[in-house]
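Visitor: Just need the structure, nothing else, for what follows:
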Amino acid sequence: MNNNTFNFRKYVPVFSIMLAIFLIYSRFSSLYPFAATWDQVDFVLAVRDFDVLNMQPHFPGYPFFILGGRMIGAGLYDGPKALSFFNQLLILSSCIPIFLLARKWLSPLSSLMTVFVVQSLSYPAVIGLQPMSEGAAVAIVFWYLWSINLAIEKQRLIFDILPLVFFSFLLGIRLSYISYGVGLLYLLYRIWKRNEPYRRIQLFILVLFAALLQFLWIGAIAVNVGGFSTLWSIAFGFSEGHFSDWGGTAEAEGFILRIGKLIFFNIIWVGILSESIWLLIAFLGLIASICWKSSEKLESLSFYRFLVVCTGCYFIWALFAQNIDKPRHILPIALWVIFLLVIKALQKKSRVISLMVIVWIVGHTFIGYHLQKLQASEQPAVYQLAEYVSSLEKDWVLFTWEETRSLSYLNVPIKHKRVFDYQLFLSDILLNKNQRILITNHVLEGFKQQGIKIEGKVKELQTFSSNPLFDPIYSNIVLYEWVE
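Guide: Down below sits the predicted model:
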């Protein structure tokens, strides 16, 4: 080789170690210290006192996630940081299955690059720091799908059981990832195709064992709430509210508008690009480089297609059954889309593509670092609201939407109440006629949807803002005084 030629491989170990240290440092030095949303408060309170009846946390209880937070909280951190730390441990562990899955198609070096691409993706890194179960769940998804591949390759009962265990962990961390159950159906199909003796008995045992593993955490929740009948009532009430009151279904808006928002805004602009023009340019360059050079047919194409199907199944679930106003619901889609794209790109063995991938990693790493630090230090809008109303006299009554959950957590001294219905609001005003009334913009927007004209009835007092990437719903809170 010409001595003047730059030998990139020579510097790979040093670069990889430095990047790994930086990614680990950026995550564990940016643990999230707030409980700024209704769901976050539910989870944080559950670490201290697990009580599903009192929404600590809400249904279905997320027992494995809360258990992880409690284990961390017992020795290192309390509250939000305990859950944030647990998320990071599982996300860090997912480097192993990401690497092993990538090795089905790529060299060790390219597989390592794939790990860095997935781990450096900035929006998932930011959301993974919040005290929510998404971070832990997306990590378990990687372990789960890798275990299915392992079971298919090894064709032994002990390995067939492993995906069942990971799927139980997955649903016990985040039930809304249930669409990944298609992976178990695929595994059972592959076991059936082995044509082994007693395969019917083997399949029956596996299905029975899968049900038993799910029953372990469901039964624990039933004990916590006082029985299966109570658990069923909670489940029914929560599911009904989730799909109707929260606007989580496709009925809430036009289908074309919904699917466009899910793909182009939630998945691409937010999930993959973190609302960054620079990352958009890098992404377009990566796509162009993939299209520029023809590729050889992938080996293990059937499993690659299986991963595409799993991602597609979750996409359909997110489209019809998730609240698309919260982009965090698309985390697994963003991560797996990037994983699958990078596999296609790096298997071409092009220096240009490798360079584009490195640019992509570096760009996401530094943008992610900035966002993680900002999220850990910037007061959420609801905390700013709490600070402001705490300075007021106690003759005020504040009417909010979901902000009241965080205000209760922060022990705000003035009276505050959650309200949806305008007529009930008027009744509450009469009950508090000797007190001054405060109201937030989210309540007013709900009144407008009920056909109520609020012009001339309120006076704007203060606006509280934080980064909408971290919380698109409550990043802007406007406080009004009711003056009618």
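Visitor: Can you pull out the low-pLDDT segments for the stretch 201-350 of the chain?
Guide: 239-253, 293-297 (pLDDT under 70).
Visitor: So which residues of it form helices?
Guide: 228-243, 255-260, 277-292, 301-321, 331-346 (DSSP state H, counting those that start in this stretch).
Visitor: Which pLDDT does the model give the residue most central in space within the chain?
Guide: Among the residues of the chain, the one closest to the centroid is residue 134, at 3.1 Å (Cα atoms, centre = their mean). As predicted, residue 134 sits at a pLDDT of 96.
Visitor: what do you get for residue 188?
Guide: 94.
Visitor: Then residue 9?
Guide: pLDDT at residue 9 comes out at 67.
Visitor: helices or strands up against whichever helix or strand residue 383 is part of?
Guide: Using DSSP states H and E, the element containing residue 383 is helix 381-390. On a contact count with 3 or more Cβ pairs under 8 Å, 6 or more residues apart in numbering; DSSP states H and E, helix 381-390 meets helix 403-409, strand 458-465, strand 476-482. The way it works is simple: take the backbone N, C-alpha and C, and place the C-beta from them, glycine included.
Visitor: which one of those is the most hemmed in?
Guide: Stretch with highest mean neighbour count among the helices and strands packed on helix 381-390: helix 403-409 (a mean of 21; mean count of other Cβ atoms under 10 Å).
Visitor: ok, and what's touching that one?
Guide: 35-38, 40-42, 44-45, 382-383, 385-386, 389, 398, 400, 416-418, 440, 442, 474, 477 (Cβ atoms under 8 Å, 6 or more residues apart in numbering).
Visitor: and that helix, C-alpha only, in CSV?
Guide: C-alpha atoms of helix 403-409 as CSV (Å, rounded to 0.1, in the frame of the first residue of the first chain):
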residue,chain,number,x,y,z
GLU,A,403,-50.7,20.3,34.1
THR,A,404,-52.4,19.7,37.5
ARG,A,405,-50.7,16.4,37.9
SER,A,406,-47.2,18.0,37.8
LEU,A,407,-48.5,20.9,40.0
SER,A,408,-49.6,18.4,42.7
TYR,A,409,-46.2,16.6,42.5
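Visitor: after that helix comes which helix or strand?
Guide: That would be, after helix 403-409 and using DSSP H and E, strand 415-418.
Visitor: contacts for that next one?
Guide: 389, 394, 396-402, 404-405, 407-408, 428, 432, 435.
Visitor: Whichever helix or strand comes after the helix holding residue 383 - which strands sit beside it in the sheet, and in what orientation?
Guide: Moving toward the C-terminus from helix 381-390, the next helix or strand (DSSP H and E) is strand 396-400. Partners of strand 396-400 in the sheet, by DSSP bridges, are strand 415-418 (parallel), strand 436-440 (parallel).
Visitor: chain center to stretch 187-197: distance?
Guide: 34 Å (Cα atoms, centre = their mean, to the nearest Å).
Visitor: tell me which residues in it are buried?
Guide: 187-188, 190-191 (16 or more other Cβ atoms under 10 Å).
Visitor: repeat for stretch 62-78
Guide: Quick answer for stretch 62-78 (16+ other Cβ under 10 Å): 62-70, 72-73, 77.
Visitor: Also stretch 304-317?
Guide: For stretch 304-317, using 16+ other Cβ under 10 Å, the buried residues are 304, 306-307, 310-311, 313-315, 317.
Visitor: likewise stretch 32-46?
Guide: For stretch 32-46, by 16+ other Cβ under 10 Å, it's 32, 34-46.
Visitor: try stretch 390-401
Guide: Quick answer for stretch 390-401 (16+ other Cβ under 10 Å): 396-401.
Visitor: how about residue 443, secondary structure?
Guide: Here residue 443 is recorded as helix under DSSP: H, G, I helix; E, B strand; the rest coil.
Visitor: My read is that it contacts residue 401, right?
Guide: Yes. Using Cβ atoms under 8 Å, residue 443 is in contact with residue 401, at 5.5 Å.
Visitor: if I look at the two, which residues touch both of them?
Guide: Contacts common to residue 443 and residue 401, judged by Cβ under 8 Å, 6+ apart, are 419-420.
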